[in-house]
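[1] Have a look; sequence and predicted model below, questions after that.
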Amino acid sequence: MASMGEILKLYTKCMNFAAVKHKDQRRKDQDGTPYINHPIGVAFILTEEAGIYDVPVLLASILHDTVEDTDTTFDEIEQHFGSHVRKLVEEVTDDKALPRDVRKSKQVENAAKSSYEARLVKLADKLYNLRDLQRCLPVGWTEKRREEYYKWAKEVVDNLRGTNAILEGALDEIFRSEHLI
Ligand SMILES: Nc1nc2c(ncn2[C@@H]2O[C@H](COP(=O)(O)OP(=O)(O)O)[C@@H](OP(=O)(O)OP(=O)(O)O)[C@H]2O)c(=O)[nH]1
């Protein structure tokens, strides 16, 4: 079993890796929030709200957008963080080469087939993004696009149910406030 020191070393290496990879990326909000706030926030939801302390899950949550949105490869993830974390990051990565509508429907389909660990990352990711959407509308988004995102996110979440009552409860609170349930 890894010591606390080894775990902290790996966790810090992971945050540094993601921060370097996302360094030029910003969120879509008016303020151009540094993108790294999102993966760190997803990991924080898992520890702080859901009480998840599973190391591969937390590492995958921090790395979840590195391959999708930066030049990071799955081989690189494996080299630094091992094959288990690589598999989880693969499970939560969308293929950006696909047309947007195909990518979005694949995410709904793939949710149902995901592992328990990947489901935790997906739920926390959706929770962060939906809260962000409640906080402010991304630049260039219309109210219609916002509504469509909520509806699509609910379809994904519905295929992830039975995974974690805290995360699903927090998501349902948002869906209720948006009159989706
Ligand atoms: N709410 C919100 N989202 C932002 C912001 N900045 C960046 N995003 C990202 O935008 C994506 C959602 O926008 P879409 O238009 O639906 O997706 P797309 O960019 O992938 O086409 C999410 O990424 P994703 O990896 O595609 O996640 P998900 O849509 O698969 O959950 C989310 O993380 C922001 O300021 N607010």
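    Structure's in. What do you need?
[2] helices or strands next to the helix or strand containing Leu171 in the packing?
    Following DSSP states H and E, one finds Leu171 within helix 165-177. Secondary-structure packing of helix 165-177 (3 or more C-beta pairs under 8 Å, 6 or more residues apart in numbering; DSSP states H and E): helix 116-135, helix 143-158. Any C-beta I mention is one placed from the backbone N, CA and C, and that applies to glycine too.
[3] can you list contacts of it?
    45, 49-51, 120, 123-124, 126-127, 130-131, 134, 150, 154, 157, 160-161, 181 (C-beta atoms under 8 Å, 6 or more residues apart in numbering).
[4] give me that answer again for 10 Å
    With contacts defined as C-beta atoms under 10 Å, 6 or more residues apart in numbering, helix 165-177 is touched by 45-46, 49-52, 119-120, 122-124, 126-127, 130-131, 133-134, 150-151, 153-154, 156-158, 160-162, 164, 180-181.
[5] In it, which residues are buried?
    By 16 or more other C-beta atoms under 10 Å, the buried positions in helix 165-177 come out as Leu167, Glu168, Ala170, Leu171, Asp172, Ile174, Phe175.
[6] can you pull the contacts of the residue nearest to the spatial centre of the chain?
    In the chain, the residue lying closest to the centroid (C-alpha atoms, centre = their mean) is Asp125, at 3.1 Å. Residues in contact with Asp125 (C-beta under 10 Å, 6+ apart) are His38, Pro39, Gly41, Val42, Ile45, Leu46, Ser61, His64, Asp65, Val92, Ala153, Val156.
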